[in-house]
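Chemist: turn this into a structure:
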Amino acid sequence: AGDAAHIHSPVGARGMNLGLEDAWVFAQLCQTNRLADYNDLRRPVDERVVQQVALLSKVAAAEAPLYGFLRRFVLPMAVKVPLIRARMLATVTGLDHALPSVAMAGAKSELAL
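Modeler: Alright, predicted model coming up:
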């Protein structure tokens, strides 16, 4: 769980938030005696983030002319498109997926920060 479950580049700035999400889900599952569900709930999210970060790292570090063109010309134009910009911001901030509702709705967790 946490950062030990997903080692990746800092590109995308998702590491700490992903670890906090993992910890929150873990705590909720422990409270509801559903710890066996942890892998099914977190693995798809964690794997997708690791794949996204790997792609961003490749584009950021690549020296091939195509990647340079993408960084210098395509990306600046793409972020001006509202739908693309919103999707990119949601991805970077971690708001591109919902946390699973594992505890009873409205119940206050004693483990909440």
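
Chemist: show me where the chain dips below the pLDDT cut-off.
Modeler: 1-13, 15, 102-113 (pLDDT under 70).

Chemist: could you pull out the helices for it?
Modeler: Taking DSSP state H, the helices of the chain run over residues 15-31, 38-61, 65-69, 75-78, 82-93.

Chemist: so can I have a markdown table of those showing mean neighbour count?
Modeler: In this view, the C-beta of every residue, glycine as well, is placed from N, C-alpha and C. Listed next are the helices of the chain as a markdown table, based on neighbours: other C-beta atoms under 10 Å:
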| stretch | mean neighbour count |
| --- | --- |
| helix 15-31 | 18 |
| helix 38-61 | 15 |
| helix 65-69 | 11 |
| helix 75-78 | 11 |
| helix 82-93 | 12 |
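
Chemist: among those helices, which comes closest to residue 99?
Modeler: Proximity to residue 99 (C-beta to C-beta) singles out helix 15-31 among these, at 6.2 Å.

Chemist: quick one: the closest one to helix 38-61, angle?
Modeler: Note on geometry: by axes from the mean of the first three to the mean of the last three C-alpha atoms, to 10 degrees, helix 15-31 and helix 38-61 are set 180 degrees apart in direction.
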